[in-house]
Structures are given as C-alpha cells and as structure tokens.
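In: Here's a sequence, model it:
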Amino acid sequence: MKNYRPVNILTSMSKILEKVIHEQFLPFPENTLDPRMAAYRKMYSFQHILLRLVEDWKQALENIKYVAAMFADLSKVFE
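Out: A predicted model of the protein is given here:
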C-alpha cells in the first residue's frame, strides 16, 4: 500500500500544469509562426489555408504561371 499514489491528485496536478503551460504558450504562435500556418492558432483552421491556396492557384493560372501540388496520405502512419 505504501507504493500506491492516489490517481486523483496526479490528474489534478497535471491539469493545473497543463493550464499554466497553455497560458504561457498561447501568445507564442501568433507572433512567430508563418501566417499561412493554421496549427496552434485560435479561430484559424485548415479551411483558411485551403482557401488561400486555391486563390493563389487561380491567380497563378490567370497570370499564365505553372501550378503544381503534391499530396501525401499519412493515415497509415498512425496505425
């Protein structure tokens, strides 16, 4: 019995630590990450990136430039 620790204390402490780290990390991405990156940004999703990408492609095609894309399916990596 001496080797066991209460689980509820561990989860409470981890939640507090997670909240502290989140508050410290929150302003970091807005100032340092590329504006075209959607990860870790509040109110900004992959849809914004995709919309901007499509608009850039349309503009390039209108200006008679080359447009290329490469897609990778990473779903099998996490199995």
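
In: the strands in this structure, which residues?
Out: Using DSSP state E, the chain contains no strands.

In: what about the nearest residue to residue 45 once chain neighbours are set aside, neighbour count?
Out: Using CB to CB, 6 or more residues apart in numbering and skipping residues adjacent in sequence, the residue nearest residue 45 is residue 38, 5.7 Å away. Quick note: C-beta positions are derived from backbone N, CA and C, even for glycine. If you count neighbours by other CB atoms under 10 Å, residue 38 ends up with 16.

In: swap in the one 5 residues further on?
Out: Residue neighbour count, defined by other CB under 10 Å, stands at 5 for residue 43.

In: Check the gap between it and residue 68 for me.
Out: 30 Å (CB to CB, to the nearest Å).

In: wait, the residue nearest to residue 45 sits on residue 52?
Out: No - taking contacts as CB atoms under 8 Å, residue 38 lies outside contact range of residue 52: 9.9 Å.

In: Any idea which helix or strand in the chain has the lowest mean pLDDT?
Out: helix 27-32 (a mean of 70; mean pLDDT, DSSP states H and E).

In: coming back round to it: what pLDDT does the model give the residue nearest to residue 45?
Out: Listed pLDDT for residue 38 reads 73.
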